[in-house]
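> The following block contains a protein sequence and its predicted model.
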Amino acid sequence: MKATKTPIAIVGLGKIALDQHVPSITASPAFRLAAVVSRNAGLEDLPFYHSLKDLLANEPDISAVALCVPPQVRFELARMALEAGRHVLLEKPPGASLSEVEALRQIASRQNRVLFATWHSRFAKGVAPAKDWLANRVIHKVTITWREDVRRWHPGQQWIWQPGGLGVFDPGINALSILTEILPDPVHVTKADLEFPENCDTPIAARLSMQGPGELQVQADFDFRQTGPQSWDIKVETADGQLLLKGGGAELTINGESQTKGDALESEYDGIYAHFAGLLKAGKSDVDTAPLCHAADAFLLGRRITTDAFHD
Ligand code: NAP
């Protein structure tokens, strides 16, 4: 007998919803895209609502929602959906603050609903094999280089520059999500330099130092001003040689030998929806705030440097 697909709605029809969520839900054996909530756009042949409140009132059979809106407006929507008895998938970062994510975790538990705080980069092809290889190794040093052109990847996204939008930590937190997945032991931020454009509330560049057990040192360089080739790389130096993750976690090389190849984002969202289906089946939430903790610590410890104004 064929299993029934879970009806799910997308909330916020922006870049990531259109590029990744719509195709992955359409291809998913576990979900059926049943409606969209958008302030101004719809999708052909699908029910369309201007607000989540309207969707919840009119679609009692849609049991899950995927929130693809900016972090600053996610909490109220997630709370509303959970309190209406729906399961919730959160785009990354799971919230604009740690305490709001904790509040959502408690609401989900009280409502007996599944809350999934996604970290898409953890589903990149090279991440699981990198984690396996590092599991029992002595790690000396990790170097993260996450430099991209904000005008190319985030054109017109004003929310990134507003409080809660994270600035360069919007992509940088993807590196932190991989780091916290592949390292066998925890690390913590010891120092951060944050460069804020004089007309923005979030940083355009950040350099972080972190420390782990033994000699382990982590250096991270996040920059939104990279033109030309883009870098989403993590280099790990161990007692048994070097592991290199490139392309946002898609390409893995160990001691010069290629293990996986691919593009950033490729198949990550198929993995996200497969994992969400497993969580629904098990009735379990998955809310790991470790990457957001590191970003928050960088803001707590960071030295603020004012730099040139940014104009999109
Ligand atoms: P985006 O293109 O700006 O889309 C966000 C959508 O959210 C908007 O199009 C809008 O859709 C809706 N929205 C509701 N309230 C809003 C508000 N106050 N301000 C702006 N938009 C509002 O952003 P995105 O790149 O898709 O990113 C959304 C989330 O996904 C972010 O947390 C980001 O970190 C994450 N993400 C993005 C990427 C990427 O490559 N872009 C990759 C992975 C994860 P309607 O007009 O339909 O209401």
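Looks like it came in fine. Keep in mind that what you see is a predicted model, and the values were worked out from it rather than measured.

> ok, and the closest non-adjacent residue to the residue of the stretch 1-150 of the chain at minimum distance from the ligand?
Closest residue of the stretch 1-150 of the chain to the ligand, CB to the nearest ligand atom: Gly14 (1.7 Å). Using the backbone N, CA and C atoms, a C-beta is placed for each residue, glycine as well. What sits nearest to Gly14 in space, not counting adjacent residues and going by CB to CB, 6 or more residues apart in numbering, is Cys68, at 6.3 Å.

> quick one, what contacts the one you found?
Contacts for Cys68 (CB atoms under 8 Å, 6 or more residues apart in numbering) come out as Ile10, Val11, Gly12, Leu13, Gly14, Ile16, Ala17, His21, Glu91.

> Let's have the residues you listed in TSV, adding pLDDT and neighbour count.
Below are the contacts of Cys68 laid out as TSV (pLDDT from 0 to 100; neighbours: other CB atoms under 10 Å):
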residue	pLDDT	neighbour count
Ile10	98	26
Val11	98	26
Gly12	97	23
Leu13	96	21
Gly14	95	17
Ile16	96	19
Ala17	97	22
His21	98	25
Glu91	98	24
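
> Present those residues as TSV; the columns should include secondary structure.
Shown next, in TSV, are the contacts of Cys68 (DSSP: H, G, I helix; E, B strand; the rest coil):
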residue	secondary structure
Ile10	strand
Val11	strand
Gly12	coil
Leu13	coil
Gly14	coil
Ile16	helix
Ala17	helix
His21	helix
Glu91	coil
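
> so where do the strands sit in the stretch 101-250 of the chain?
115-117, 139-147, 188-197, 205-211, 217-223, 231-238, 241-246 (DSSP state E, counting those that start in this stretch).

> close to the ligand, is the shortest one?
No. Under the criterion of CB under 6 Å from any ligand atom, strand 115-117 makes no contact with the ligand; the nearest approach is 11.4 Å.

> where's that strand relative to the chain centroid, distance-wise?
Distance of strand 115-117 from its chain centroid, counting by CA atoms, centre = their mean, to the nearest Å, is 11 Å.

> again with the second one
Once both centres are worked out by CA atoms, centre = their mean, strand 139-147 turns out to sit 19 Å from its chain's centre.

> is it anywhere near the ligand?
No. Strand 139-147 does not reach the ligand (CB under 6 Å from any ligand atom); its nearest approach is 13.2 Å.

> any weak-confidence spans in the stretch 1-150 of the chain?
Residues of the stretch 1-150 of the chain meeting the criterion pLDDT under 70: 1-2.

> What parts of it come near the ligand?
Within the stretch 1-150 of the chain, the residues that sit near the ligand (CB under 6 Å from any ligand atom) are 12-17, 38-41, 68-71, 73, 91-92, 120.

> Tell me the secondary structure of the residue of the stretch 201-312 of the chain found nearest the ligand, please.
Closest residue of the stretch 201-312 of the chain to the ligand, CB to the nearest ligand atom: Leu265 (6.9 Å). For Leu265, the assignment made with three-state DSSP gives coil.

> Spatially nearest residue to it, not counting backbone neighbours?
For Leu265, the spatially nearest residue (CB to CB, 6+ apart) is Gln20, at 6.4 Å.

> did I read that right, the one you found in a helix?
Yes. Counting by three-state DSSP, Gln20 is part of a helix.

> list the contacts for it?
If you count contacts by CB under 8 Å, 6+ apart, then Gln20 has His120, Leu265, Glu268, Tyr269 around it.

> Any idea which of those residues the model trusts least?
Of all the contacts of Gln20, Leu265 carries the smallest pLDDT score, 74.

> Over to that one: give its phi and psi.
phi 80, psi -20 (degrees, to the nearest 10).

> ok, it touching Gly247?
No. Assessed by CB atoms under 8 Å, Leu265 is found out of contact with Gly247, at 9.5 Å.

> residues shared between the contacts of these two?
Shared contacts of Leu265 and Gly247, defined by CB under 8 Å, 6+ apart, are found at Ala124.

> got the contact list for Lys141?
Listed by CB under 8 Å, 6+ apart, the contact set of Lys141 reads Leu216, Gln217, Val218, Gln219, Val236, Glu237.

> wait, which of those is closest to Ser109?
Nearest to Ser109 among those, counting by CB to CB, is Val218 at 32.4 Å.

> who touches the closest residue to the closest one other than its chain neighbours in this structure?
Nearest residue to Val218, sequence neighbours excluded (CB to CB, 6+ apart): Met210, at 3.8 Å. Counting by CB under 8 Å, 6+ apart, Met210 touches Val142, Val187, His188, Val189, Thr190, Gln217, Val218, Gln219, Ala220, His294.
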